[in-house]
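Visitor: model this:
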Amino acid sequence: MEDAFRRALLPSEDEIRAMPLGANTKFAAELIGNANARALDIGCGEGKFTRGLKALCKEVAGVDIKERSIDKAKAAAQAEGLDVDFRIASGQDLPWSDGHFDVVVFSNSLHHMPDTAAALKEAGRVLKSGGLLYVMEPVASGNYHEATKLVNDETEVRTDALHALRKLAGNCFEHAREIMYRSTRSFENFDEWKADQIDRDEKRRAKFDADPKKVRSTFEGHARKEDGKLVFDQVFRVDLLRKF
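Guide: So this is what the prediction gives:
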């Protein structure tokens with residue numbers, strides 16, 4: 001395996017420790033901030049990141065297939081006085097014309113697409129020539145991944161997403177930038193993390209119930225103890241591509 005690809009997919013512990021602490025919003029501001037741009041967030045969920053794009057771009061839209069998430073996104077934008085075009089739509093069938101956007105974003109969502117290659121092709125369709133594709137993905141490595149994979153192991157879908165993204169580079173896109181970073185996640189205890197996971201997806205409850213002692217010991221065993229909290233490093237990768 002090419003070393004650059006291996007590092008993007010499975011960085012070592014030493015490589016993770018050398019990564020800067022950062023946040024998705026920070027890198028988005030550096031890489032795609034354009035006061036005159038039209039931006040689209042695909043798989044936007046409840047729209048937290050999408051609303052943040054409004055400070056960077058002139059016009060912002062977000063799509064998600066879940067009606068409940070879009071309803072919450074609209075309510076939050078209205079409460080904040082933000083004009084964001086939230087719609088229920090699939091990332092593989094977007095309701096805009098060719099070349100409508102200057103920026104298209106997948107923020108922690110590409111690996112959730114049923115067909116990542118089709119979603120990337122559709123993103124390319126609505127992106128104008130010279131436009132930017134910004135993809136932030138969690139990486140299946142590091143102590144947070146190891147601590148939580150018994151409940152939510154996304155190694156396969158994250159790997160598939162990276163393969164699809166690499167195939168896109170050179171096919172109407174040039175790869176402009178890659179940033180690997182880590183962020184710190186902390187929990188008061190195991191129960192706080194468990195509640196968060198079940199709130200994200202009720203189906204995960206069955207994973208906890210299947211072997212509660214093993215799930216707890218694995219989670220707590222990979223944690224650092226700091227100020228009475230369980231602390232982890234979560235690894236992320238940002239890829240920036242430019243359409244020919």
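
Visitor: stretch 121-138: which residues count as buried?
Guide: Neighbour-count burial for stretch 121-138 flags 122-124, 126-128, 131-138 (criterion: 16 or more other C-beta atoms under 10 Å). All C-beta atoms are positioned from the backbone trio N, CA, C, and that covers glycine.

Visitor: same check, this time on stretch 186-201
Guide: Using 16+ other C-beta under 10 Å as the test for burial, stretch 186-201 gives 187, 190, 193-194, 197-198.

Visitor: looking at the residues you listed, which are in helices?
Guide: In helices, defined here by DSSP state H, the members of the buried residues of stretch 186-201 are 190, 193-194, 197-198.

Visitor: what's the closest of these to T218?
Guide: Lowest distance from T218 to these (C-beta to C-beta) belongs to F190, with 10.1 Å.

Visitor: name the element the residue lying closest to that closest one once chain neighbours are set aside belongs to?
Guide: With sequence-adjacent residues excluded and distances taken as C-beta to C-beta, 6 or more residues apart in numbering, F190 is closest to R216, at 5.2 Å. Assigned by DSSP states H and E, R216 falls within helix 212-221.

Visitor: who touches whichever strand or helix holds R158?
Guide: According to DSSP H and E, R158 maps onto helix 155-168. The contact list for helix 155-168, computed with C-beta atoms under 8 Å, 6 or more residues apart in numbering, reads 5, 8-9, 110-113, 116-117, 120, 124, 133, 135, 137-140, 145, 149, 237, 239, 241.

Visitor: please apply the same query to stretch 227-236.
Guide: By C-beta under 8 Å, 6+ apart, the residues outside stretch 227-236 that reach it are 11, 16, 19, 22, 24, 136-139, 141-145, 147, 180-190, 193, 219-220, 222-225.

Visitor: show me the shaky parts of the chain.
Guide: 1 (pLDDT under 70).

Visitor: redo that, cut-off 80
Guide: Scanning the chain with the threshold set as pLDDT under 80 gives 1, 170.

Visitor: skip the chain neighbours and tell me the closest residue to R205.
Guide: I198 (5.1 Å).

Visitor: just the buried members of the contacts of stretch 227-236?
Guide: 11, 16, 19, 22, 24, 136-139, 141-145, 147, 180-183, 185, 187, 190, 193, 219, 222-223.

Visitor: among the residues you listed, which lie within helices?
Guide: Within the buried ones among the contacts of stretch 227-236, residues falling in helices by DSSP H are 16, 24, 143-145, 147, 190, 193, 219.

Visitor: most widely separated two among those?
Guide: Using C-beta to C-beta, these span at most 26.1 Å, a distance reached by N24 and F190.

Visitor: which residue lies nearest the spatial centre of this protein?
Guide: Compute the mean C-alpha point of the chain, and by C-alpha atoms, centre = their mean the closest residue is N108, 1.1 Å away.

Visitor: that one and R200, how far apart?
Guide: For N108, the distance to R200 equals 12 Å [C-beta to C-beta, to the nearest Å].

Visitor: anything in contact with each of those two?
Guide: What both N108 and R200 touch, as defined by C-beta under 8 Å, 6+ apart, is an empty set.

Visitor: circling back to that earlier point, got the buried residues of stretch 186-201 as JSON lines, with distance to L162 columns?
Guide: Shown next, in JSON lines, are the buried residues of stretch 186-201 (distance: C-beta to C-beta, whole Å):
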{"residue": "F187", "distance to L162": "28"}
{"residue": "F190", "distance to L162": "30"}
{"residue": "W193", "distance to L162": "26"}
{"residue": "K194", "distance to L162": "29"}
{"residue": "Q197", "distance to L162": "24"}
{"residue": "I198", "distance to L162": "28"}
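
Visitor: between the residues you listed, which sits nearest W96?
Guide: Of these, the one sitting nearest to W96 (C-beta to C-beta) turns out to be Q197, at 34.2 Å.
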